[in-house]
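Novice: Return a 3D structure for these sequence lines:
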Amino acid sequence: MTENPVTQDQVQPRPIVARLPKYAAGKPPVQIDGLTAYKLSSNENPFGPLPQVHQAVIDQSALNRYPDSLSTKLREALAGYLDVPAEDIVTGAGSLGALVQILNTFAGQNEDGVQDEVIFAWRSFEAYPILVQTAGALPVQIPLLEDGRHDLEAMIEAINENTSVILLCTPNNPTGPILTQEEVDDFIARVPRNVLIVLDEAYIEFVRDERSVNGVETYKANPNVILLRTFSKAHGLANLRVGYSVAHPEITDNLRIMATPFAVSTVAQDAAVASLAHMDEVLARVDSLVAERERVVVALAEQGWKIPATQANFVWLPLGEKTADFVERAEQRALSVRGFAGEGVRVSIGEVEANDRFIALCSESLDLAQG
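Specialist: Predicted coordinates for the structure are as follows:
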């Protein structure tokens, strides 16, 4: 049966909608009798928020009131934690919402009809091409190096007079490697000062490599650098949607004009403030996940797997055309993993039992491993 042809009297979306790639959220695990099901497909924190954060949510009594649109309490808490001015911080609905604000402010179609260009590594965070095109800009995807790292030289070569924003994801999602301070400093020195450089550090708390770029110090030293962070990962607040960007006032003043009003609820703000007040406990939980990550990485290396050097809360299996086979095998073991068709599989670090089962699955799946 053929679909009804489109007629002139039907409401139609913008043409770009049909061309946008679809964002694929991590699927829940398949329930298997006799096995505890685990979701390892969304880079979620298996521990959830701290008890003090739960209490901050329970104590909410003004749900009939709009939140503070500037998230003043949260920005002041972050200013103290990061040692930056509060006016340099703009909150958003997760780092995704904060990125929407950045792109809507600095990338799009200009009055002369020419599109701005936004450069980013690929594969990287799958929302990048969606958000760039939604803003009206042109995505410029630069393939990763074979080791899953950004090809910074190729990104430099892609810059032209239409380039308005460059997105750097460190650690890179979904492959895991970081960008070092040395290579970022060199990169920034070669980028025109009128191009905005976004350092997406959604997984920064999981980084243990001392060579890693220091986003806070980098933004302080460069007026065209903006830092992007979230409470979804290390803090376990993915459901509350709270993130933020950090940049100099000439950037943040414009971001606030474009920011979605009341994007961060009072519930989310108070939960984030409570989590920041107990950062030592948050980081202790992160340490346990990092230890699990290293245990998984060592086990896979001993089995013979060759994977990128991850500093995030996930590992990447470069399975290419065998990706779907691995995803299916995981489903049969009550594990959900995030497959990227024809490229590879990203597996979040979860509970110890989940990680044990994943390690066993990898041992049984060496026939799928490439090179």
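
Novice: Only C-alpha atoms from now on, for both contacts and neighbour counts.
Specialist: Fine.

Novice: residue boundaries of the strands in the stretch 251-371 of the chain?
Specialist: Taking DSSP state E, counting those that start in this stretch, the strands of the stretch 251-371 of the chain run over residues 314-317, 335-340, 344-348.

Novice: Can you list the low-confidence ranges for the protein?
Specialist: Applying pLDDT under 70 to the chain flags the ranges 1-8, 22-26, 370-371.

Novice: mind redoing it with 90?
Specialist: Across the chain, the ranges flagged by pLDDT under 90 are 1-34, 48, 260, 369-371.

Novice: any idea how it splits into domains?
Specialist: With domains defined by automatic domain parsing, the chain comprises 15-48+280-368, 51-277.

Novice: want to try a markdown table for those domains, with distance to residue 9 and mean neighbour count as columns?
Specialist: Shown next, in a markdown table, are these (distance: least, Cα to Cα, whole Å; neighbours: other Cα atoms under 10 Å):
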| stretch | distance to residue 9 | mean neighbour count |
| --- | --- | --- |
| domain 15-48+280-368 | 16 | 18 |
| domain 51-277 | 25 | 20 |
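
Novice: hang on, the earlier thing: tell me which of the strands of the stretch 251-371 of the chain sits nearest to residue 324.
Specialist: The closest of these to residue 324 is strand 335-340. By Cα to Cα, the value is 6.9 Å.

Novice: Pairing partners for the closest one, with directions?
Specialist: Using DSSP bridges, strand 335-340 pairs in its sheet with strand 38-40 (parallel), strand 344-348 (antiparallel).

Novice: Please save the CA atoms from stretch 359-367 in PDB.
Specialist: C-alpha atoms of stretch 359-367 as PDB (Å, rounded to 0.1, in the frame of the first residue of the first chain):
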ATOM      1  CA  ILE A 359      33.500  -9.300  30.300                       C
ATOM      2  CA  ALA A 360      32.300 -12.900  29.900                       C
ATOM      3  CA  LEU A 361      30.400 -11.900  26.800                       C
ATOM      4  CA  CYS A 362      33.500 -10.400  25.200                       C
ATOM      5  CA  SER A 363      35.400 -13.500  26.000                       C
ATOM      6  CA  GLU A 364      32.800 -15.500  24.100                       C
ATOM      7  CA  SER A 365      32.700 -13.000  21.200                       C
ATOM      8  CA  LEU A 366      36.300 -12.900  20.200                       C
ATOM      9  CA  ASP A 367      35.200 -14.200  16.800                       C
END
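
Novice: Distance of the residue nearest the centre of the chain relative to residue 179?
Specialist: Closest residue to the average C-alpha location of the chain: residue 202 at 4.9 Å, with Cα atoms, centre = their mean. To residue 179, residue 202 is 13 Å away according to Cα to Cα, to the nearest Å.

Novice: Which residues are in contact with each of the two?
Specialist: Counting by Cα atoms under 8 Å, 6 or more residues apart in numbering, the residues touching both residue 202 and residue 179 are 170-171.

Novice: ok but residue 197 is inside a strand, no?
Specialist: Yes - read with DSSP: H, G, I helix; E, B strand; the rest coil, residue 197 is one of the residues of a strand.

Novice: Quick check: bridge partners of it?
Specialist: Residues in beta-bridge contact with residue 197 (DSSP bridges): residue 166, residue 225.

Novice: hang on, isn't it packed against residue 167?
Specialist: Yes - between residue 197 and residue 167 a contact is recorded at 6.1 Å, counting by Cα atoms under 8 Å.
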